[in-house]
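> need a 3D model of the sequence below.
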Amino acid sequence: MPHREHSLAILNTIVLRRFGPLSTTQYLNVDLEIYSKHDLQPLVDRLGLKVTALYVGRDHGKYSAHLEVSKITKTADSTIREFCALIEKLPQRERSLWNKATVRSFSIGIQAGTERRSCDFTIRPATVRAISGVGAQIVLTIYAV
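Numbers count the residues shown, from 1 in each chain. Reported below is the predicted structural model:
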């Protein structure tokens, strides 16, 4: 997960330098993080231009892939639904790679703001069912100001 953290740290630095600290807490993005004993490149290749590969390769003795959807989405819910739809459409060979992965995480990135008020980010029941259906988990990553 260091590749994703590095990318978001760079983004955070750029935003802070350009705009200053964000006053409100904001949704950033959802990254799909996959770890496996098997090479994940065929899975990423099958997803093609529908995803952006942040990193695909070896990571601490395992194979990993860190992906974002290419389609513009506005919420964590819609991004996860897009990922689930892509996974559900995978052919048998690539779906088998997905199923064999030891970690399948939808990592929701949230940038904490400076204001002391709550902020809700909803994942609908249908999306929770879709996540369960593809055997993935949800991870919340909160980035401090």
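> which one is residue 126 nearest to, not counting chain neighbours?
The spatial neighbour of residue 126 that comes closest, neighbours along the chain excluded (C-beta to C-beta, 6 or more residues apart in numbering), is residue 81 at 7.8 Å. Using the backbone N, CA and C atoms, a C-beta is placed for each residue, glycine as well.
> mind listing the helices for the chain?
Taking DSSP state H, the helices of the chain run over residues 2-19, 41-47, 76-88, 92-100, 125-133.
> starting at the chain centroid, how far to the second one?
Just to be clear, that refers to helix 41-47. Taking C-alpha atoms, centre = their mean, to the nearest Å, one finds helix 41-47 lying 16 Å from the centre of the chain it belongs to.
> quick one: list the elements packing against that helix.
If you count contacts as 3 or more C-beta pairs under 8 Å, 6 or more residues apart in numbering; DSSP states H and E, helix 41-47 packs onto strand 51-59, strand 62-69, helix 92-100.
> just name the most buried of those.
Stretch with highest mean neighbour count among the helices and strands packed on helix 41-47: strand 62-69 (a mean of 21; mean count of other C-beta atoms under 10 Å).
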